[in-house]
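Enquirer: With the sequence up front, the predicted model follows.
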Amino acid sequence: MEEEQLRYSRRLVDQIDWTDNIWPRHLKDRQTESTNVIQEMQYPKVQKYCLMSVRGCYTDFHVDFGGTSVWYHILRGGKVFWLIPPTDQNLELYENWLLSGKQGDVFLGDRATECQRIELKQGYTFVIPSGWIHAVYTPQDTLVFGGNFLHSFNIPMQLRIYSIEDRTRVPTKFRYPFYYEMCWYVLERYVYCMTQRSHLTKEFQRESLSIDLELNGRQRPDTPSLSSSASSELSSSSDNDDSSDQDWEEEGSLKKRERDRLRVEHELQRRRNRDRQQRDQERDHQHAERIIIHTLPASLRPLTPPPSLPLPTPDSPPSTSPYLTWFEIEGLHCLVLKLESLPPHKKCLPDGIHDPEALISDIKSLLEDHSHDPPELALTGVPIVQWPKRNQYKVHLRPKIQFTKPHTMRPASRHSTAPPRTLGTPSGTTASSGARRRRVRCRKCQACVQRECGTCHYCKDMKKFGGPGRMKQSCVLRQCLAPRLPHSVTCALCGEVDQTNDTQDFERKLMECSVCNEIVHPGCLEMDGEGLLSDELPNYWECPKCYEGQKHTMQPNHDHIELHSKRKAADYESSHFYPAKVLRPPLGQSPPSPPLLLPPSPSSAPPTPPSSQTQVPPASREERAKRRQLTREKENHPTGCDQSEGDRLRLRGPYLAVTLQRSPKELSFTSIVPKLQAITPNPRQPMHAAPPQHPDEEEEEEETENSLILGQRKNNISMQKVVWLSVFHYLTHEELCICMTVCKSWYKWGCDKRLWSKIDVSRCKSLVPQALSGINKRQPVYLDLSWTNASKKQLIWLINRLPGLKDLILAGCTWSAVSALASCRCPLLRTLDLRWTVGIKDTQIRELLTPASDKTGHDSRSKLRLLTDLRLSGLDISDVTLRLIMRHCPLLSKLDLSHCPLLSDQSVNLLTAVGSSTRGILTHIHLAGCKGVTDESLLYLRRATNLSLIDLRGCKQVTRGACEGFISDLSVSILYCLSDDNLIQRIT
């Protein structure tokens, strides 16, 4: 993509990244799938990513998968990092923190021995080493480029992090792909780069190492030449072998060539070892001489310094046997021990390794030879492991021209005897079709511009409609009718993008083949052949190469069949290309015999206009459009008969239909009356004889009609959703659950939130996830969770998904669960019942009522500001709680303070004092069982003018005479009665 070309990483990362220098590069060249589908992944695709973060998002402490290091470039915005070093104590703490399941309650930075906060600004580039535990916060909208990479200088930490992922059971999709395969290739690459001995298979050697001596019949340019004596000796022995073995078969000749190759490699290795010894001796001598000179006094030093060793440049090839750093030696030792300790079914041996036992043996010998390498000589600035440069003798894996002769305008390569293969095709097989490019919306058709319906199964899955958001599909009505190719696609021949629009030259328009999926400009093809345009998608055809090879009309595959009902034909008009659209014939007629002819030159004579038999009558198009509309309506109303049924009946002729409508007089929820009407064709539109239909389409139409009607045809009863909702309204929840098991339609209609406005699951022994999901699906207004063992995590999950919740009953629960109201975005409740909740005191009430004004993005008002009914019976609260209630609950009219032992007459005085919000709006107050309330409280309650109920039952210090005196004193303006023992009620 264009953004990918703008992405960059530091040169250091490119030089040490295992994916670039270790993984076989021909496998990386085969990658065609742009997504991270593991089945189509040819290499670990973690090198680059684009991260778009919105303001306020936060990622908790984690370690990047596989112990990878990270490079991070802030293009726009900013980030805040918390970093914890990967010490033994911190890693053990991190692992226990992951396994505890309490990540949301504990900030790991407070538990670690060291934690550093770092703020990154726009333009910063940040590198996180392997194993560092970090958390990320986004203070503003941010765009980041970055990538993950493994390297050879911290292998023990990388293996340790991978072991932690094993113990914490991290899912496979969140881990580094092909991890152990990469480890095997690391050993092989070090052995090859240090000893020139490859353990790859012959195919991998030819395609990644450019070793192609047998195929090309010549020596590689970078191979040192043999001495004349050795060459003559080998040539003479080869001639003798050829003369003596002329009668050998093909197998014998292959063995002879293998022996010759081994002789050549042996002679080359002997010469390399001799040259290496000479260079090492010279280097050690010069190094010792420099040390002696620097130790002498300045007066005794020579005027001209000795010649220093030439420093290698990044472009120069590494020495024959370079020195290894201590980090590499230790890491390779750990890597060998790890691979040897794996059981056979977890070794993950890649296909490119020929002999793993020999590879392990060679790497051990290599590490033993380099165990005493001087560290100062190992720092050369040039990476040891790097791929040889590709040369002209290498067989190219990615040919510039993906068409074969004679359809391309360039001839095939002379050096290759076999035809060029398509990218990703294994050797020995024929060229196959490439991966199909994912198309994008046209943003012009009716489906692209309209809104979601909110009723199809895709909309119900979306999070904004209350669903889980797992399907990640667009609405059925918003499926594009003519998806186009993305702007990033280029021609496979010239490499240019589509530079034209729908009204310009056809030869410069990018066309995608329906068979081989190749995207080319028609003008880039020089051939005398025939192609076939398709009306299913824009820029879609059967290229001349595929059409000439098959010699038949295009057969759409399963993907085309699925897209067939929601695509429209693209109209191609050009001054240099004659309009030739392949139209579908009328039903019951044969397909068009003359295919589309691509003119070889502009001077060709124009083709004859198509006959009238190849054109589809407008009536057939209208019928097909109506049938497509019926299909969409069926998806939205799978078992109901709605307006689309009337359209269907109009298509088939005059029928007598019975529909149901609301009564014009009573527009209540249950007033449904039948209406008898005859559906007749529109007199303004003339009647046309329907064309003959294909038997398959007739059966399909019958199935569509049958699916629109629920039940047997003999009953002829229209099961409309509105009718059944009016019936379900009279059922209890237990009876409704039984009805929901009848069929899918009843199940969907039975989940309507109008039938479940009140849900009571009180005294439930356990709230399983299925029960919480059912509550979320029904979206109640009143929810009773009293005396249940609901946890904080369950309550947070539930409250965040119930925006319409008004009444919440949590009596008998614990504070650990109720604290969810303070830690999540609680809806604006009207009723909150906290009676006899364990662990709630003044401090906990303050946490519930106080707004989270110190947090960015939160409202400065209390989340419980709209409470009208608050029940706090049996809690150890004092006057501090009452002051908080008067401050943050200005609409409170019902207050239950029964059996609160710390309340007294002063508490009642506080509620009815001058200026308090509860004095004028309080209608119900419950003080039953309060030991500190006396007859004096009735004097304070006279100030409240709107009281309708005063409950003083169980208050031993309140006498009946005081209650009667309260009633008589207020009888002039308000009438009260003493209906029970110290229960005063207002008479209306």
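Expert: Looks like it came in fine. Numbers count the residues shown, from 1 in each chain.
Enquirer: so what's the closest residue to residue 111 other than its chain neighbours up against?
Expert: Closest residue to residue 111 apart from its sequence neighbours, by C-beta to C-beta, 6 or more residues apart in numbering: residue 93 at 5.8 Å. For every residue, glycine as well, the C-beta is placed using N, CA and C. Neighbouring residues of residue 93 by C-beta atoms under 8 Å, 6 or more residues apart in numbering: 108, 111, 112.
Enquirer: Can you select the buried ones from those residues in PyMOL?
Expert: This is how PyMOL selects the buried members of the contacts of residue 93, with burial counted by 16 or more other C-beta atoms under 10 Å:
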select buried, resi 108+112
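Enquirer: Could I get the contacts of residue 93 in TSV, plus columns for secondary structure and pLDDT?
Expert: Listed next are these as TSV, based on DSSP: H, G, I helix; E, B strand; the rest coil; pLDDT from 0 to 100:
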residue	secondary structure	pLDDT
108	helix	92
111	helix	91
112	coil	92
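Enquirer: need the contacts of residue 93 in TSV with distance to residue 833, can you?
Expert: Converted to TSV, the contacts of residue 93 look like this (distance: C-beta to C-beta, whole Å):
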residue	distance to residue 833
108	36
111	37
112	41
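Enquirer: quick one: buried residues of stretch 140-158?
Expert: 142, 144-158.
Enquirer: Could you look up the SS state of residue 181?
Expert: helix (DSSP: H, G, I helix; E, B strand; the rest coil).
Enquirer: Run a quick neighbour tally on the nearest residue to it once chain neighbours are set aside.
Expert: Closest residue in space to residue 181, ignoring its immediate chain neighbours: residue 350 at 4.2 Å, by C-beta to C-beta, 6+ apart. Neighbour count for residue 350, taken as other C-beta atoms under 10 Å: 21.
Enquirer: gap between residue 350 and residue 202?
Expert: Using C-beta to C-beta, to the nearest Å, residue 350 is found at 15 Å from residue 202.
Enquirer: Surely residue 489 forms part of a strand?
Expert: No - counting by three-state DSSP, one finds residue 489 to be coil, located in no strand.
Enquirer: any idea how far residue 32 is from the spatially closest residue to it that is not a sequence neighbour?
Expert: Counting by C-beta to C-beta, 6+ apart, residue 489 lies nearest to residue 519, which is 5.4 Å off, once chain neighbours are set aside. To residue 32, residue 519 is 12 Å away according to C-beta to C-beta.
Enquirer: can you give me the strands for the stretch 851-988 of the chain?
Expert: 869-871, 894-896, 924-926, 949-951, 976-980, 983-986 (DSSP state E, counting those that start in this stretch).
Enquirer: hmm, back to that, pLDDT wise, what is the residue nearest to residue 489 at?
Expert: With respect to pLDDT, residue 519 has a value of 89.
Enquirer: quick one on the thing from earlier: which one's more surrounded, residue 519 and residue 32?
Expert: Neighbours per residue, other C-beta under 10 Å: of residue 519 and residue 32, the larger number sits with residue 519, 21 against 15.
Enquirer: which residues does the more buried one form a beta bridge with?
Expert: For residue 519, the beta-bridge partners are residue 512 (DSSP bridges).
Enquirer: shift numbering so it begins at 33
Expert: Okay, using 33 as the starting number, the last item reads as residue 551.
Enquirer: Assess the claim that it and residue 526 are in contact.
Expert: No - under the criterion of C-beta atoms under 8 Å, residue 551 makes no contact with residue 526, lying 11.3 Å away.
Enquirer: Can you tell me which of the buried residues of stretch 172-190 is closest to residue 401?
Expert: residue 184 (17.4 Å; C-beta to C-beta).
Enquirer: List the buried residues in stretch 201-219.
Expert: For stretch 201-219, the neighbour count (16+ other C-beta under 10 Å) marks 208, 209, 210, 211, 212, 213, 214, 215, 216, 217, 218, 219 as buried.
Enquirer: Then stretch 553-570?
Expert: For stretch 553-570, the neighbour count (16+ other C-beta under 10 Å) marks 553-557, 559, 561, 563-570 as buried.
Enquirer: Quick check: end-to-end length of that stretch?
Expert: 14 Å (C-alpha to C-alpha, to the nearest Å).
Enquirer: Next, count neighbours for the nearest residue in space to residue 948 that is not next to it in sequence.
Expert: The shortest distance from residue 948 to any non-neighbouring residue, by C-beta to C-beta, 6+ apart, is to residue 918 (5.3 Å). Residue 918 has 18 neighbours, counted by other C-beta under 10 Å.
Enquirer: same thing with the one 5 residues further on?
Expert: Residue 923 sits with 12 neighbouring residues when counted by other C-beta under 10 Å.
Enquirer: Please identify which helix or strand holds residue 217.
Expert: For residue 217, the host element (DSSP states H and E) is helix 211-227.
Enquirer: Mark out where each domain of this structure begins and ends.
Expert: 34-208, 651-751, 837-1018 (automatic domain parsing).
Enquirer: and those as a markdown table, adding distance to residue 542?
Expert: Below are these laid out as a markdown table (distance: least, C-beta to C-beta, whole Å):
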| stretch | distance to residue 542 |
| --- | --- |
| domain 34-208 | 15 |
| domain 651-751 | 28 |
| domain 837-1018 | 45 |
